[in-house]
Structures are given as C-alpha cells and as structure tokens.
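Asker: sharing a model that was predicted from the sequence below.
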Amino acid sequence: MDDKLNINRKSEEVVNEMLVKELYDKKDGAYDYLLNMSLRSFTKQKVENIEKNCKDLTQSLKDLEKLSAYDLWEGDIEHFLENYNYN
C-alpha cells in the first residue's frame, strides 16, 4: 500500500515482471490473489484497518512467544473449562 507499483495500462507480462522484481510471493504459481483484489481494498479506510490488524497480530504473536509450553497448555485448559458445557 505504499504506491510502489503502478499497473495501470500495462500488459500482464510487464505486471508479472514487476511483481517478480519486487519479490511478491506467488500463490499456486500465480499472482491472481493480488491482481484480482477489489479496488475497495485500496481505500484509505481498508488500508488503515489492515495496518491496525497487522500491528495487533504482531503484538499477539510477541505476547505468545513470551509464554512457555506449560503456560500455553494451562491457558488452553482454562479456556476449555470456561467454555465446556456441563449439561
């Protein structure tokens, strides 16, 4: 979302070369997942939402990495017991 690529009026071949050059990952051998994105995905609100989600997930990952295997297991057990239906 940083205005690196301008694919307007470029051939698919040129666009693919640009994506290779910028080291974008292929999925199933193609860039369809990028090229078929809705234009709405590039609105300011969507970009801000994606950036916030990325920041939140990064923090969650850091928090999880601080926990031991035992802490993770204990948390899973507590979650299970809180949500288990005794009926």
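Answerer: Good, I have the coordinates. Note that the structure is predicted; figures quoted are calculated from it, not measured.
Asker: can we go C-alpha only for contacts and neighbour counts from here?
Answerer: OK.
Asker: what pLDDT does the residue nearest the centre of the chain get?
Answerer: Centroid-nearest residue in the chain, with C-alpha atoms, centre = their mean: C54, separated by 6.8 Å. pLDDT, C54: 97.
Asker: what count of nearby residues applies to the closest residue to L5 other than its chain neighbours?
Answerer: Counting by C-alpha to C-alpha, 6 or more residues apart in numbering, M18 is the residue found nearest to L5 once chain neighbours are left out, at 7.5 Å. The local packing of M18 (other C-alpha atoms under 10 Å) involves 16 other residues.
Asker: any idea how far the residue nearest to the centre of the chain lies from Y24?
Answerer: To Y24, C54 is 18 Å away according to C-alpha to C-alpha, to the nearest Å.
Asker: thinking again about what came up before, secondary structure class for the residue nearest to L5?
Answerer: Counting by DSSP: H, G, I helix; E, B strand; the rest coil, the backbone at M18 sits in helix.
Asker: now it: how far from I7?
Answerer: Taking C-alpha to C-alpha, one finds M18 at 9 Å from I7.
Asker: which neighbours do those two have in common?
Answerer: Counting by C-alpha atoms under 8 Å, 6 or more residues apart in numbering, M18 and I7 have no contacts in common.
Asker: which stretches in the protein count as helices?
Answerer: 12-21, 32-35, 44-65, 69-83 (DSSP state H).
Asker: nearest to D3, out of those?
Answerer: Closest approach to D3 among the helices of the chain (C-alpha to C-alpha): helix 44-65, 12.0 Å.
Asker: CA atoms of that closest one as PDB?
Answerer: Taking C-alpha atoms only, helix 44-65 is exported to PDB below (Å, rounded to 0.1, in the frame of the first residue of the first chain):
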ATOM      1  CA  LYS A  44      -7.700   4.700   3.000                       C
ATOM      2  CA  GLN A  45     -10.100   3.000   5.500                       C
ATOM      3  CA  LYS A  46      -9.300  -0.500   4.300                       C
ATOM      4  CA  VAL A  47      -5.500   0.100   4.400                       C
ATOM      5  CA  GLU A  48      -5.700   1.600   7.900                       C
ATOM      6  CA  ASN A  49      -7.800  -1.400   9.000                       C
ATOM      7  CA  ILE A  50      -5.300  -3.800   7.600                       C
ATOM      8  CA  GLU A  51      -2.300  -1.900   9.200                       C
ATOM      9  CA  LYS A  52      -4.100  -2.000  12.600                       C
ATOM     10  CA  ASN A  53      -4.800  -5.700  12.300                       C
ATOM     11  CA  CYS A  54      -1.200  -6.400  11.400                       C
ATOM     12  CA  LYS A  55       0.000  -4.400  14.400                       C
ATOM     13  CA  ASP A  56      -2.400  -6.200  16.700                       C
ATOM     14  CA  LEU A  57      -1.500  -9.600  15.400                       C
ATOM     15  CA  THR A  58       2.200  -8.800  15.700                       C
ATOM     16  CA  GLN A  59       1.700  -7.800  19.300                       C
ATOM     17  CA  SER A  60      -0.300 -11.000  20.000                       C
ATOM     18  CA  LEU A  61       2.500 -13.100  18.500                       C
ATOM     19  CA  LYS A  62       5.100 -11.300  20.700                       C
ATOM     20  CA  ASP A  63       2.900 -12.000  23.700                       C
ATOM     21  CA  LEU A  64       2.600 -15.700  22.800                       C
ATOM     22  CA  GLU A  65       6.300 -16.100  22.200                       C
END
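Asker: no further questions, thank you.
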